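1. Need the 3D shape of this:
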Amino acid sequence: MFQEITSEHWTDQNGNPAGAFVEGIIQAAMDRLNFYQQGSEGKFACIENALAIEHLQIALCELQARTDRRIQAGTEGTHEGV
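-> Numbers count the residues shown, from 1 in each chain. Below you'll find the predicted structure:
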């Protein structure tokens, strides 16, 4: 279960990240879709689920590329740079 967090509440009172990260939400969605495709004896398998999984995998790759670029630039974990 994910807790809804508004933009004013991205950190807790100590400045630590609050709630779930985007990557975690994407992974949870992929896990659920994979269950539909395989874990449910294929009862819910369909091309749309397969395509959604593929697009979510692409999203995770792009987010990792952003993280890698920000690490190299020394801006990961900050609000600096883009």
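2. for Ala29, what are its contacts?
-> Applying CB atoms under 8 Å, 6 or more residues apart in numbering, we find Ala29 in contact with 52, 56. Using the backbone N, CA and C atoms, a C-beta is placed for each residue, glycine as well.
3. Distance of it relative to Thr67?
-> Note on Ala29: its distance to Thr67, by CB to CB, to the nearest Å, is 19 Å.
4. which residues of this structure score low on pLDDT?
-> Scanning the chain with the threshold set as pLDDT under 70 gives 1-11, 17-18.
5. what about Leu56, how many neighbours?
-> Neighbouring residues of Leu56 were enumerated by other CB atoms under 10 Å; the total is 19.
6. Not counting sequence-adjacent ones, nearest residue to it?
-> Setting aside the residues directly before and after it, Leu56 is nearest to Met30 in space (CB to CB, 6 or more residues apart in numbering), at 4.8 Å.
7. for the chain, what spans make up the helices?
-> With DSSP state H as the criterion, the chain has helices at 22-34, 47-73.
8. tell me the most buried of the ones you listed?
-> The highest average neighbour count among the helices of the chain, using mean count of other CB atoms under 10 Å, belongs to helix 22-34 at a mean of 14.
9. thinking in terms of the whole chain, how far from its middle is that helix?
-> For helix 22-34, the distance from its own C-alpha centre to the chain's C-alpha centre is 7 Å (CA atoms, centre = their mean, to the nearest Å).
10. by how many degrees do it and helix 47-73 diverge?
-> Orientation of helix 22-34 against helix 47-73 (axes from the mean of the first three to the mean of the last three CA atoms, to 10 degrees) gives an angle of 160 degrees.
11. Am I right that Glu23 is in contact with Gln57?
-> No - if you go by CB atoms under 8 Å, Glu23 and Gln57 don't touch, sitting 11.7 Å apart.
12. now the spatially most central residue of the chain, nearest residue through space, not along the chain?
-> Taking CA atoms, centre = their mean as the criterion, Glu23 is the residue nearest the geometric centre of the chain, at 2.1 Å. Ranked by CB to CB, 6+ apart and with sequence neighbours excluded, the top spatial neighbour of Glu23 is Leu63, at 5.7 Å.
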